[in-house]
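**Student:** Turn this into a structure:
(chains A and B)
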Amino acid sequence: EPEVTQTPSHQVTQMGQEVILRCVPISNHLYFYWYRQILGQKVEFLVSFYNNEISEKSEIFDDQFSVERPDGSNFTLKIRSTKLEDSAMYFCASSEQGVGNSPLHFGNGTRLTVT
Amino acid sequence: DAKTTQPPSMDCAEGRAANLPCNHSTISGNEYVYWYRQIHSQGPQYIIHGLKNNETNEMASLIITEDRKSSTLILPHATLRDTAVYYCIVMFSGGYNKLIFGAGTRLAVHP
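**Tutor:** As a prediction, the model looks like this:
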């Protein structure tokens, strides 16, 4: 069964550094998402992306964050200058027809540790 | 999207049915009920969804009351691998939407 893949599985970075988290969504999916989960807390929506543009973003997704679909297969989340509070699991997800019409498929996440 | 209420935790014996309730008393006529689960910090996993009819797939059954104000997710023969946090989410259909996770129900399946 096709799946969403995320790399790396664990990223350690120093405060102030830039990180790029990578995702390969399922190939025929058109809607893409990033979520994060701080240890012990809820899964939080960050951003949704469709037709090469952001369709919605949360308050968390400030100017430090950006997303890109640089080619036909990858979907990336960049954090420009990481802060300690950015330490979390970051989940990429994709959907064929949007979350209200078809299931969301999640990757197994990248654990980001900011020191 | 309508708010949902789930018990914070439940227990179930292996091999027995796990019945996870969800209240959504403010649900509107065209909002669907979705269930996802998260097994120990893995990515959330879709289970099932429905509008008003009961639904069944290879993972679970979804029973929605006639007034649609509550629903129950049934795992017919729970296994240890079903230990997870289960999320009941109510939302409108449509592509431009986002899944918002609450605290869910932590289901512990024990031998």
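
**Student:** Without its sequence neighbours, what residue ends up closest to B:Pro7?
**Tutor:** Excluding its sequence neighbours, the residue lying closest to B:Pro7 (CB to CB, 6 or more residues apart in numbering or on different chains) is B:Thr105, at 5.4 Å. C-betas here are computed from N, CA, C, even on glycine.

**Student:** got the residues of chain B near chain A?
**Tutor:** Proximity of chain B to chain A (CB under 8 Å from any CB of the partner chain) is limited to residues B:32, B:36, B:38, B:41-46, B:49, B:91-103.

**Student:** Of those, just the buried ones, PyMOL syntax please.
**Tutor:** Paste this into PyMOL to select the buried members of those, with burial taken from 16 or more other CB atoms under 10 Å in any protein chain shown:
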select buried, chain B and resi 32+36+38+43+44+45+46+49+91+93+95+97+98+99+100+101+102
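
**Student:** Tell me the predicted confidence for the residue nearest to B:Pro7.
**Tutor:** Predicted confidence (pLDDT) for B:Thr105: 97.

**Student:** go on, A:Arg36?
**Tutor:** A:Arg36 is given a pLDDT of 97.

**Student:** What segments of chain B are strands?
**Tutor:** Assigned by DSSP state E, chain B shows strands spanning B:9-13, B:18-23, B:31-38, B:45-50, B:55-56, B:61-64, B:70-75, B:84-92, B:105-110.

**Student:** Excluding chain neighbours, what is closest to A:Ile54?
**Tutor:** Using CB to CB, 6+ apart, the nearest residue to A:Ile54 is A:Val47, at 5.9 Å.

**Student:** Can you give me the distance of that neighbour to B:Ala18?
**Tutor:** Noted for A:Val47: a distance of 33 Å to B:Ala18, by CB to CB, to the nearest Å.

**Student:** So those two - more neighbours on which side?
**Tutor:** Neighbour totals were compared for A:Val47 and B:Ala18, and B:Ala18 leads with 25 against 20 (other CB atoms under 10 Å in any protein chain shown).

**Student:** Chain B contacts on chain A?
**Tutor:** So chain A meets chain B at A:4, A:31, A:33, A:35, A:37, A:42-45, A:48, A:50, A:55-56, A:89, A:91, A:93, A:97-101, A:103-109 (CB under 8 Å from any CB).

**Student:** and with 6 Å instead?
**Tutor:** Counting by CB under 6 Å from any CB of the partner chain, the residues of chain A close to chain B are A:42-43, A:45, A:48, A:55-56, A:91, A:97-101, A:103-104, A:106-109.

**Student:** And for the nearest residue to B:His49 once chain neighbours are set aside, the neighbour number?
**Tutor:** Once flanking residues are discounted, B:His49 sits nearest to B:Tyr34: 4.3 Å by CB to CB, 6+ apart. The number of residues packed near B:Tyr34 is 22, by other CB under 10 Å.

**Student:** quick one: contacts for the nearest residue to B:Ile47 once chain neighbours are set aside?
**Tutor:** The shortest distance from B:Ile47 to any non-neighbouring residue, by CB to CB, 6+ apart, is to B:Trp35 (4.3 Å). Going by CB atoms under 6 Å, 6 or more residues apart in numbering or on different chains, B:Trp35 touches B:Ile47, B:Ile48, B:Leu73, B:Cys88.
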